[in-house]
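Participant: have a look at this prediction, sequence included:
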Protein chains: 2
Amino acid sequence: MRHRLSLEEYVSGILAQNRFVLSQAITLVESQLAQDNELALQVIDRLLPYTGKSYRIGITGVPGVGKSTFIEAFGLYLIGQGKKLAVLAIDPSSQRSRGSIMGDKTRMATLSTLSAAYIRPSPSGTSLGGVSRKTREAMLLCEAAGFDVVLIETVGVGQSETAVAQMTDFFLLLMLAGAGDELQGIKKGIMEMADLVAITKADEGNELKAERAKATYQNSLMFFPAHAGGWFPPVLTCSAVQGTGLDQIWEQLQNYQIQTQTNGFWQHKRQQQQTEWLHDTIKQLLEEQFYQNPSIKNLLETTEKQVQEGKQHATQAAADLVKLFLSP
Amino acid sequence: MRHRLSLEEYVSGILAQNRFVLSQAITLVESQLAQDNELALQVIDRLLPYTGKSYRIGITGVPGVGKSTFIEAFGLYLIGQGKKLAVLAIDPSSQRSRGSIMGDKTRMATLSTLSAAYIRPSPSGTSLGGVSRKTREAMLLCEAAGFDVVLIETVGVGQSETAVAQMTDFFLLLMLAGAGDELQGIKKGIMEMADLVAITKADEGNELKAERAKATYQNSLMFFPAHAGGWFPPVLTCSAVQGTGLDQIWEQLQNYQIQTQTNGFWQHKRQQQQTEWLHDTIKQLLEEQFYQNPSIKNLLETTEKQVQEGKQHATQAAADLVKLFLSP
């Protein structure tokens, strides 16, 4: 069904904020075909001067925390503030187990119909590295298409949180006012990455529980040092259903931006992320090229078998294969 | 000081269980020099038929849990059972921060004097991949030198636990009978990897605390599914000072071996580990070769700068560098 546009059509379409062309371009980025990737790189290269102006926000929380409902409500709030919002998802594991986390068509029902919002399901892919790269590039395309805020969503149970934190300016952790052991559901490392913890479902009748959870998290966060950039992650409560607390969250996001843009950390972090992105991509391309190499493909199965059976030493076998790859 | 032996000297020395030659060979494995690595590979290649016969045990616990004291006591117990024991450490982070975790000469004071024990400090290195590879190779050398049990030790706060679990048959987690929130000190992912949890310092007067901690951990472990291989991780208490509980730990280790060797999981896991080892090494060698390449070295700094300043797209820059590397 999809037909490929020309480089010029992609570039001018995205700059004209044409959502259809944006979607086509993201599909191009996500393609497995080498020629598509080549064209995608050209598109991004041309659009590079128009990127970097959005607020990149990572958002995570365990299943059941009400992530979709929160994003729907927070998105509508932002649009009410005159913002244009893109929502991207990163979750390689979903491909293998439960289908894309964004697959549910009923998710974000209102948000998805608004022209100021753009929602894109998780790209397909088996490696986190591959999915990250595609998500980062989709983010750049969204920025060039004029979106002020890019929300990058992940599930909060796997390893993709680090990937999301590495491509965003601010990391928002959603937590549930739960039954006692609030800290158990989410990995400690994720707590440490959070720039803000938002207790969801602080709905009428549930306020006390939410306030108690807030106190617990505030206590836990006190044991972590201040983030680089001098930011102390606040804990807030909100109700997506009642629309409460969203303004305070946005206020804190703005405070963060002002503080870190003033002390230079915002720019520093982005530069660091660019460097990481470069090195991540190098590693990934090296592996791709290696495993796609015909001589390697030919030999790999036999080598694996010999190594498994202890007939060849893994390090030696690896050295032989890499040598063959580099000097055929 | 060190002088290099010949291939034959290394091979025959290790097979003759000469500890001096074993140490020299491990130093060769750990060397940064390409020619040393080449020779090390030849040594391992020759010794490969004599490897694989030990019980490979990973052991971890947060600082303060009494790891050294436990290993000393458990090691002496094993030697009493007629075993020969090698202790290796894996901890890349220690190089950067606190010095090697094995650096303290007073650690394992008795054990280190016995001819049935061999203790080797953590190899130097900055990347976890590099340290893992060296530790795995040191393990093979210890096996060829006739050690029945190889303990691989790590700190329990970083990422090296996964690396240790990937190279061992059994993963032993030491936990302290602590003040209430026992589960906070260690990452949840590490709990899930444990094949046995041992509560340390269940010394006289501290038994109640230890029993309470035991109940807590048993409860927590109940929420995890049985390990592959059908093993349910037991929780035991022990006192290294009084020498109690060590026999039960060893009994469980033997049960595990019998059960998984009978159902085939032991062999299956080792084969899988060999395959992972192969692919890990491939990735690592590819990166090493890339970053050591003179043309890449020349260009990298400029490229990083351009990417940081947004003048070049990271993916494009990575693709250009990889292309240059592969077809100079």
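Facilitator: Received it, and whenever you're ready, just let me know what you need. In this text, all values refer to a predicted model and were calculated from it rather than measured experimentally. Residues are numbered from 1 along each chain as shown, chains lettered A, B, ... in the order given.

Participant: going forward, measure contacts and count neighbours with C-alpha atoms only.
Facilitator: Fine.

Participant: all strands for chain A, in order.
Facilitator: When assigned using DSSP state E, the strands of chain A occupy the ranges A:55-60, A:85-89, A:117-120, A:149-153, A:170-176, A:196-200, A:235-237.

Participant: of all those strands, which one is nearest chain B?
Facilitator: Closest approach to chain B among the strands of chain A (CA to the nearest CA): strand A:55-60, 16.1 Å.

Participant: next, the angle strand A:196-200 makes with the closest one.
Facilitator: 50 degrees (axes from the mean of the first three to the mean of the last three CA atoms, to 10 degrees).

Participant: contacts for strand A:55-60?
Facilitator: Strand A:55-60 has contacts (CA atoms under 8 Å, 6 or more residues apart in numbering or on different chains) with A:67, A:148-156, A:161, A:164-165, A:167-174.

Participant: can you get me a residue count around residue A:11?
Facilitator: Residues contacting residue A:11 under the criterion other CA atoms under 10 Å in any protein chain shown number 24.

Participant: and if you look at residue A:259?
Facilitator: If you count neighbours by other CA under 10 Å, residue A:259 ends up with 16.

Participant: chain A against chain B: which residues are in contact?
Facilitator: Applying CA under 8 Å from any CA of the partner chain, we find that chain A lies next to chain B at A:41, A:44-45, A:48-49, A:187-188, A:270-272, A:274-275, A:277-279, A:281-283, A:285-287, A:304, A:307-319, A:321-322, A:326.

Participant: helices - which of those residues land there?
Facilitator: Here DSSP state H is the test, and the residues of chain A next to chain B give A:41, A:44-45, A:188, A:270-272, A:274-275, A:277-279, A:281-283, A:285-287, A:304, A:307-308, A:314-319, A:321-322, A:326 as lying in helices.

Participant: buried subset of those as a ChimeraX selection?
Facilitator: Applying 16 or more other CA atoms under 10 Å in any protein chain shown to those leaves a buried subset, and the ChimeraX line that selects it is:
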select /A:41,44,45,188,270,271,272,274,275,277,278,279,281,282,283,285,286,287,304,307,308,314,315,316,317,318,319,321,322
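
Participant: mind checking how far residue A:154 is from chain B?
Facilitator: Distance, residue A:154 to chain B, using CA to the nearest CA, to the nearest Å: 19 Å.

Participant: how about that residue, phi and psi?
Facilitator: The phi/psi pair for residue A:154 (degrees, to the nearest 10) reads phi -150, psi 170.

Participant: in terms of contact, does it touch residue A:89 like I think?
Facilitator: Yes - using CA atoms under 8 Å, residue A:154 is in contact with residue A:89, at 5.9 Å.

Participant: break down the stretch 101-250 of chain A into its helices, ranges please.
Facilitator: In the stretch 101-250 of chain A, the segments counted as helices under DSSP state H, counting those that start in this stretch are A:128-144, A:160-165, A:188-193, A:207-222, A:246-263.

Participant: which elements pack onto the longest one?
Facilitator: This means helix A:246-263. helix A:67-80, helix A:265-292 (3 or more CA pairs under 8 Å, 6 or more residues apart in numbering or on different chains; DSSP states H and E).

Participant: mind putting those helices into CSV with mean pLDDT?
Facilitator: Listed next are the helices and strands packed on helix A:246-263 as CSV, based on pLDDT from 0 to 100:
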stretch, mean pLDDT
helix A:67-80, 93
helix A:265-292, 93
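
Participant: any low-confidence regions in chain A?
Facilitator: For chain A, the stretches with pLDDT under 70 are A:1-3, A:91-107, A:123-127, A:156-158, A:178-188, A:328.

Participant: can you list the domain ranges for it.
Facilitator: Using automatic domain parsing, the domain parsing of chain A gives A:1-50, A:52-263, A:277-326.

Participant: and the second one, how far apart are its ends?
Facilitator: What it means is domain A:52-263. Domain A:52-263 has an end-to-end distance of 18 Å (CA to CA, to the nearest Å).

Participant: ok, the last one next?
Facilitator: The first and last residues of domain A:277-326 sit 24 Å apart, counting by CA to CA.

Participant: quick one: distance of that domain to the chain centre.
Facilitator: Relative to the mean C-alpha coordinate of its chain, domain A:277-326 is positioned 29 Å out (CA atoms, centre = their mean, to the nearest Å).

Participant: what's the answer for the first one, then?
Facilitator: Relative to the mean C-alpha coordinate of its chain, domain A:1-50 is positioned 20 Å out (CA atoms, centre = their mean).
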